[in-house]
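*Asks:* make a model of this:
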Amino acid sequence: MSVIQIQATIMGQPYTLACREGEQAALHHAVSYLDQKMRTIRDAGKVKGTDRIAVMAALGIAAELLSTQQAEGPFAGLTIAEWKQQVSAINDVLDQALAPQEKLF
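*Replies:* This next block holds a predicted model:
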């Protein structure tokens, strides 16, 4: 897959970002999410300076991500990519187990 560049704006500042072909929509969604978080912090008026706003937004997003991780259970400590692989593997096992049932109908 080739790498492409997209233009994005975060809090009024233009950025040129790189991503793999086919991942543009996800990157645009991430840019929009970050822009919204940073604007919310800025508009609250409690934090001054773009660098501080960016750090506060990053901390908020990191806290959101970490809150999605389970402390115990079969998916504890897995990244989202690893979790998706586990779910895919479970689906494969289910498909194989249910394949003989399809012949009955």
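*Asks:* pLDDT score for the spatially most central residue of the chain?
*Replies:* Nearest to the mean C-alpha position of the chain, counting by C-alpha atoms, centre = their mean, stands residue 30 at 7.1 Å. Note on residue 30: pLDDT of 94.
*Asks:* where's it, which helix or strand?
*Replies:* Taking DSSP states H and E as the definition, residue 30 sits inside helix 24-44.
*Asks:* centre of the chain versus that helix, how much separation?
*Replies:* Distance, stretch centre to chain centre, for helix 24-44: 12 Å (C-alpha atoms, centre = their mean, to the nearest Å).
*Asks:* what comes up buried for it?
*Replies:* 27, 31, 34, 35, 37, 38, 41, 42 (16 or more other C-beta atoms under 10 Å). From N, CA and C alone the C-beta is placed, and that goes for glycine too.
*Asks:* and the residue nearest to the centre of the chain, how far from residue 79?
*Replies:* 16 Å (C-beta to C-beta, to the nearest Å).
*Asks:* same check on residue 2?
*Replies:* Noted for residue 2: a distance of 25 Å to residue 79, by C-beta to C-beta.
*Asks:* neighbour count winner among those two?
*Replies:* residue 79 (10 against 6; other C-beta atoms under 10 Å).
*Asks:* phi and psi next, for the more buried one.
*Replies:* Recorded main-chain torsions at residue 79 are phi -80, psi 170, according to degrees, to the nearest 10.
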